[in-house]
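**Student:** Return a 3D structure for these sequence lines:
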Amino acid sequence: MKRAFVFIFFLIASISFSDSQLWKEDFKKANEYYYHSDYEKALEIYKKLYAHGVNHPNLLYNLGNSFYKLGEYDEAVYYYEKAVLFYPRDEDIQKNLVKARLLLKDKITPMKKTFIIQ
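**Tutor:** Predicted structure coming up:
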């Protein structure tokens, strides 16, 4: 029984180690795309990592940066705010969050013209 427990423990540990190595490799690949200004490919990998349960503050920050570079400021704000929960005093996250919030456009639809409003 003890052997089975030890075997299962090491099996689980090796699987989670290989998973962490895989996400780090994907994260590096996404960072390379980002560095070479291929924000769409970087974002695709970052989103895949996030969908697989990786909830690391650097991933959240990079998701925010990628959305920001692609002009999707509402999504950028969302991920910057999630990153702030991990690092509330990080100046880079705070600065990017402020910039993204300033670029948000309110979704106000103009009123129809009526006989009162012309």
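
**Student:** C-alpha only now, for contacts and for neighbours.
**Tutor:** Noted.

**Student:** lowest-pLDDT helix or strand in this protein?
**Tutor:** Sorting the helices and strands of the chain by mean pLDDT, DSSP states H and E puts helix 2-35 at the bottom, at a mean of 63.

**Student:** and whatever helix or strand comes next after that helix, what other elements does it pack with?
**Tutor:** Downstream of helix 2-35, the first helix or strand assigned by DSSP states H and E is helix 39-51. With contacts defined as 3 or more C-alpha pairs under 8 Å, 6 or more residues apart in numbering; DSSP states H and E, helix 39-51 has these neighbours: helix 2-35, helix 57-69.

**Student:** make it 6 Å
**Tutor:** When contacts are defined as 3 or more C-alpha pairs under 6 Å, 6 or more residues apart in numbering; DSSP states H and E, helix 39-51 packs onto helix 2-35.

**Student:** buried ones in stretch 90-97?
**Tutor:** Of the residues in stretch 90-97, Ile93, Gln94, Asn96, Leu97 count as buried by neighbour count, 16 or more other C-alpha atoms under 10 Å.

**Student:** Can you convert those residues into a markdown table and add a column each for pLDDT?
**Tutor:** Putting the buried residues of stretch 90-97 into a markdown table (pLDDT from 0 to 100) gives the following:
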| residue | pLDDT |
| --- | --- |
| Ile93 | 94 |
| Gln94 | 95 |
| Asn96 | 95 |
| Leu97 | 94 |
